[in-house]
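Q: What shape does this take:
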Amino acid sequence: MPSASLIAPYTPDATRYDELLNSDGSVRAHWRPLIERLDASTPDALRRGVELARRLIVENGVTYNVYADPQGRDRPWQLDTLPLILPAEEWQVIAAGVAQRARLLDSLLADLYGPQRLLAEGIVPPEIVFGHPNFLWPCRGLNPAGGRWLQVYAADLARAPNGQWWILGDRTQTPSGPGYALENRRIVSRVFPQLIDDLRVRSASPFFAALREQMLSQVEDDESPLAVVLTPGPFNETYFEHAYLARQLGFALVEGADLTVRGDTLYLKTFAGLRRVHAVLRRLDDDFCDPAELRSDSALGVPGLLQVVRKGRVVLANPLGSGVLESASWLGFLPPIADWLNSESLALPSVATWWCGERPALEHVITNLEKLVIKPVFPNQKFEPVFGSSLDRKAKAAVVERLRARPYAYVAQERVSLSQSPVWGASGVTGRALAIRVYAVATPNGFQVMPGGLARIAGDSAADVVSNQRGGGSKDVWVIAADDAAEEIDTVAGRRRQRSEDLPSRLVENLFWMGRYAIRCDDKARLARATLALDTRSDAWKHAMNSCAQFGVLAEKLDLPASLFDVGNANGLAADLRRLEWSATQARSRLSAEHWRAIGVLQRQYHESVSSRSDAREALDRLVLSLSGLAGFALDDMTQDDGWRMLLLGRRLERVQFLATLLGMRLSVATAPSRSELEWWLDIVGSTVAYRTRNLDRPRVAPVLHLLIRDVQNPRGIGFQCEKIRFILEQLRAGDATFDDSFERAAADLDETDFGVLEGVGYTAAGARQAFAQRLIALADAATQLSDRLSMRHFSHTEGDLQVVAA
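A: Okay, the predicted model is just below:
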């Protein structure tokens, strides 16, 4: 290894297997191309690569919530740009072992919820089955659709000091991480674009194609399939991945409230009505899925879901009850189970494990406590793993007493010194403990294993536990293709396609409100900016400040610049920006990466302005520019389906409400608007240039109102918004004669006024202005009522019967 090498400061650990270096200190053959490429790069180029990865994580909104972390659900995902590299021959052993284990666990679940021969023969202790909170008695005798108990499986692996891969645990309920693994690959491929091709790194995309095909493979040929990703919601720690998988697979992202059971069939509440759901990729734990039969206090599940599963009317990945295998206690029993069920030995061994419920195992654990790690048998136990080597005499005695009191509740495992992998550090390349999670999906030809997976690294060099919840990070896993491997196509394919109208009602509702909040923020920002541009001695100043207070821009007891940065004002700009972000979060699966990134940039810029207390007008300029960018995404970056139409409808209605209210408030006053007030209006609406282009004289009431209200060519005026609203409503109601047209009548009433009459200074002109102001207020009220009717009809489904849409 050359002394000038980037990895010169890297120090191997004699107690661990080193992923990078051979025992003589030389770089392993499959790592050499990467190290040589890094050594040939300049320090600035390497720093730019690391910074690029960090920027992409922030801009793409890749997050992972660490419980009790002050950053909450906004905590950025931790990714080390140096990948873990595995040669083809080594990967073949891992893939074969993981696929074999998935087959075994599939058979084990079928026996536990079926004939229970393993229990009858005494091969499996009943305590670890019936004591497990995820053994669901209502699932006894269940026959999952397609006959598979495991659709998706994940194994946690670590390498012992001798280089042998060991399985640390099995993930059979809702295996998390494949979406993060794919995002890691996409980010690292930006950092090392050419190197991935040069090393012939295998693609992970065929795994997702197989997953999509498996989810839809049980659908009858005469039906149009619908699959969904069931999420607990945005507060879950891996919500980013839920939305990411839904977008990658082309499935709808739904929460429990979006689904309903009618008879023995599961339906999605879509914008058009009820649509049958054929497959569910769930990210919701077993007992939360059906409050009718499982956990009655769950507000996240779908009442009646288990009955649909019993009838074989939905493919569930994974079936309810599969979480019973997520316990360290199973590891010690799997070798005899494999021999009894499948007459084979496991290719990948499990870490040595002793269930303390057996007397000989308990005594062995107590005798050798300093060499072992004590863990709870069941996931609902409030007991953190205890490393025997770290216990003093008093603590050891307390642990022994606890083991003897409830031996069946504890399991002991040999402490494995995890292998060490190189990571980027502040002082160069350092070593961290590493484990990997490998994924498999069921296919008609057996289990297909994702090439690579998700590598997880410890939070610091002294740690021997890898956990994202404990501050750990992640790596991309590069599996080198064998010399004779066929080229892998990087696509997600399927023999069927989903229908574009299968839009969950909640998704469409959030798109609608995303549109409304985007315009609400834009209107308030423009109102504040135009007001700050006024001379405080002008005729417009008093009315402008009253308007800012009316629309929540001006907080009580604060001046206008301070109000703009007041995050505690429930009606202020900061609160509406938070509502915009929340709506976008709920609709994230329908937004492009660039669209979501633009929302994230907007939020960060505003928070930076709040933190720095920057110049208010400069902050508003940046905000208006960012919000204008969202308008471009809304118009040109989305599929033009009903969800898109509702987003645009929300934008149009919000603008009508704001402008009609703004103008109506002022025209209801007896005095005519002054020149400075008219110029202020034009500035708010962004129509100053348009007015000057069409009119040579100074602003007057009649031509200004014509431009802002009646001119259908002014994209920010009321007339333009009303024309677009009429067009969208015609598309949405599709001949529905019961649809209320009160908004259209209110808009038509504005056309009956002669604006010239409004310019006078006498009693007649004042009365005409006040009468017209009432019509504007009526239009704003009609826009509110239309919004409410749309919500009841399409979102709450309380207006009329909810129809079932034919497949």
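Q: How about Arg432: what's its closest non-neighbour residue?
A: Closest residue in space to Arg432, ignoring its immediate chain neighbours: Ile457 at 4.3 Å, by C-beta to C-beta, 6 or more residues apart in numbering. C-betas here are computed from N, CA, C, even on glycine.
Q: Correct me if wrong: Tyr726 contacts Glu744.
A: Not quite, residue 726 is Arg, not Tyr. Yes: using C-beta atoms under 8 Å, Arg726 makes contact with Glu744 at a distance of 6.2 Å.
Q: Which residue, neighbours along the chain excluded, lies closest to the spatially most central residue of the chain?
A: Among the residues of the chain, the one closest to the centroid is Phe240, at 2.5 Å (C-alpha atoms, centre = their mean). The shortest distance from Phe240 to any residue other than its chain neighbours is 4.9 Å, reached at Thr63 (C-beta to C-beta, 6+ apart).
Q: just to revisit the earlier point, let me know the distance separating the residue nearest to the centre of the chain from Val58.
A: According to C-beta to C-beta, to the nearest Å, Phe240 and Val58 sit 12 Å apart.
Q: same thing with His364?
A: From His364 to Val58 the distance is 50 Å (C-beta to C-beta).
Q: about what we covered before: hey, what's the residue nearest to Phe240 bridged with?
A: Pro76 (DSSP bridges).
Q: Quick check: it touching Trp77?
A: Yes: counting by C-beta under 8 Å, Thr63 touches Trp77, with 6.1 Å between them.
Q: give the contact list for Leu369.
A: Residues in contact with Leu369, defined by C-beta atoms under 8 Å, 6 or more residues apart in numbering, are Gly388, Leu391, Lys396, Val399, Val400, Ala412.
Q: re the thing from before, overlap in contacts of Thr63 and Trp77?
A: Both Thr63 and Trp77 are contacted by Phe240, under the criterion C-beta under 8 Å, 6+ apart.
Q: where's the residue nearest to Leu168 when sequence neighbours are not counted, which helix or strand?
A: Spatial nearest neighbour of Leu168, chain neighbours left out: Asp156 (4.4 Å); criterion: C-beta to C-beta, 6+ apart. Per DSSP states H and E, Asp156 falls inside strand 152-159.
Q: Parallel or antiparallel, which strands does that strand pair with?
A: strand 165-171 (antiparallel), strand 428-443 (antiparallel).
Q: Run the chain-centre distance for it.
A: Remark: strand 152-159 is offset 23 Å from the chain centroid, using C-alpha atoms, centre = their mean, to the nearest Å.
Q: Kindly report the same for stretch 646-660.
A: Distance, centroid of stretch 646-660 to centroid of chain: 27 Å (C-alpha atoms, centre = their mean).
Q: next one: stretch 751-759
A: Using C-alpha atoms, centre = their mean, the offset of stretch 751-759 from its chain centre is 51 Å.
Q: Between its first and last residues, how far does it reach?
A: 17 Å (C-alpha to C-alpha, to the nearest Å).
Q: got a list of contacts for that stretch?
A: 667, 672, 700-703, 705-706, 710, 764-765, 768-769, 772, 775.
Q: Distance check, Glu401 against Gly357.
A: Look at Glu401 and Gly357: by C-beta to C-beta, they are 17 Å apart.
Q: cool, and Val129?
A: Distance of Val129 to Gly357, given as C-beta to C-beta: 12 Å.
Q: now Ala482
A: 44 Å.
Q: What of Trp31?
A: 44 Å.
Q: Could you do Arg415 as well?
A: According to C-beta to C-beta, Arg415 and Gly357 sit 21 Å apart.
Q: repeat for Pro504
A: Pro504 is 45 Å from Gly357, by C-beta to C-beta.
Q: Counting neighbours around each, name which of the two comes out higher.
A: Neighbours per residue (other C-beta atoms under 10 Å) separate Pro504 from Gly357, with Pro504 holding more: 25 against 20.
Q: What segments of the stretch 701-807 of the chain are helices?
A: Along the stretch 701-807 of the chain, counting by DSSP state H, counting those that start in this stretch, helices occupy 701-705, 718-733, 742-749, 763-790.
Q: Who are the packing partners of the longest one?
A: Meaning helix 763-790. Judged by 3 or more C-beta pairs under 8 Å, 6 or more residues apart in numbering; DSSP states H and E, helix 763-790 is in contact with helix 642-667, helix 742-749.
Q: now for the longest one, which elements pack on it?
A: In this case it means helix 642-667. The contact analysis (3+ C-beta pairs under 8 Å, 6+ apart) places helix 642-667 against helix 505-532, helix 541-550, helix 616-636, helix 675-685, helix 718-733, helix 763-790.
Q: rewinding a little: can you say which of the contacts of stretch 751-759 are buried?
A: The neighbour-count criterion (16 or more other C-beta atoms under 10 Å) marks 667, 672, 700-701, 703, 705-706, 710, 765, 768-769, 772, 775 among the contacts of stretch 751-759 as buried.
Q: circling back: could you identify which of the helices and strands packed on helix 642-667 is most buried?
A: helix 505-532 (a mean of 24; mean count of other C-beta atoms under 10 Å).
Q: Hmm, Asp711 is touching Cys722, no?
A: No: between Asp711 and Cys722 no contact is recorded; they are 11.4 Å apart, counting by C-beta under 8 Å.
Q: pull the CA atoms of stretch 14-23 into CSV?
A: What follows is stretch 14-23, C-alpha atoms only, in CSV (Å, rounded to 0.1, in the frame of the first residue of the first chain):
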residue,chain,number,x,y,z
ALA,A,14,-6.8,-7.5,15.0
THR,A,15,-9.9,-8.7,16.8
ARG,A,16,-12.1,-8.3,13.7
TYR,A,17,-12.3,-9.4,10.1
ASP,A,18,-11.2,-6.5,7.9
GLU,A,19,-13.4,-6.0,4.8
LEU,A,20,-10.7,-3.8,3.1
LEU,A,21,-7.3,-5.3,4.0
ASN,A,22,-5.8,-8.8,3.9
SER,A,23,-4.0,-10.1,7.0
